[in-house]
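Enquirer: mind looking at a prediction? Sequence and model below.
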Amino acid sequence: MEERADEQQPKEIPNRLFFRIGDVADLAGVETYVLRYWETEFPKLRPKKASNGQRQYRRKDVETALEIKRLLYDEGYTIAGARKALKTQVQKKKRAAAAPRPKVQASLFGDDPPASGVDREELAAIKRELRDILSLLK
């Protein structure tokens with residue numbers, strides 16, 4: 001029973017540049033042959049290989065392996081379904097990164113109107129406090 005409790009709690013990924021396949025297998029709680037199989041099925045999981053042929057997983061590879069395990073074992077996805085879910089996650093991240101960020105519409109010391117959702121009285125009180133602080137600093 002104790003072993004299962006330990007397996008269900010996610011292990012913290014150590015702060016290292018590279019991980020060997022055995023390290024990743026321990027972190028993910030799977031066998032090394034499972035990771036090698038996942039490499040053939042998931043394009044996102046592609047560790048580099050050292051000159052001696054040993055796999056070198058980066059932190060993002062470890063995170064990908066953990067996400068694959070979650071999708072397959074916890075969520076019950078098939079390999080194809082997990083592959084599609086990972087692809088969808090990547091696309092969402094790209095769209096979020098490319099989305100324009102909202103511009104600040106209000107200036108504390110200018111006469112511009114406050115941004116929507118900002119209480120005018122609260123903004124005016126903050127403005128007064130900042131001016132008081134500024135006068136104390138002079």
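Expert: Looks like it came in fine.
Enquirer: all contacts plus neighbour counts: C-alpha atoms, from now on.
Expert: OK.
Enquirer: could you list the low-pLDDT ranges of the chain?
Expert: In the predicted model of the chain, residues 1-10, 101-118 satisfy pLDDT under 70.
Enquirer: mind listing the helices for it?
Expert: 2-8, 21-28, 32-41, 59-69, 79-98, 120-137 (DSSP state H).
Enquirer: of these, which is nearest residue 15?
Expert: Evaluated over the helices of the chain, closeness to residue 15 peaks at helix 59-69, with 8.2 Å, by Cα to Cα.
Enquirer: which residues are in contact with that closest one?
Expert: 13, 16-19, 24, 28, 35, 44-47, 82, 86 (Cα atoms under 8 Å, 6 or more residues apart in numbering).
Enquirer: weed out the non-buried ones from those residues.
Expert: The neighbour count (16 or more other Cα atoms under 10 Å) marks 18-19, 24, 28, 35, 44-47, 82, 86 as buried among the contacts of helix 59-69.
Enquirer: make TSV from the contacts of helix 59-69 and add distance to residue 122 to it.
Expert: Below are the contacts of helix 59-69 laid out as TSV (distance: Cα to Cα, whole Å):
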residue	distance to residue 122
13	43
16	46
17	47
18	50
19	51
24	51
28	49
35	55
44	48
45	50
46	52
47	52
82	48
86	44
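Enquirer: list the contacts for the spatially closest residue to residue 50 that is not a sequence neighbour?
Expert: Leaving out its chain neighbours, the residue that sits closest to residue 50 by Cα to Cα, 6 or more residues apart in numbering is residue 56, at 6.6 Å. Residues in contact with residue 56 (Cα under 8 Å, 6+ apart) are 18-21, 47-50.
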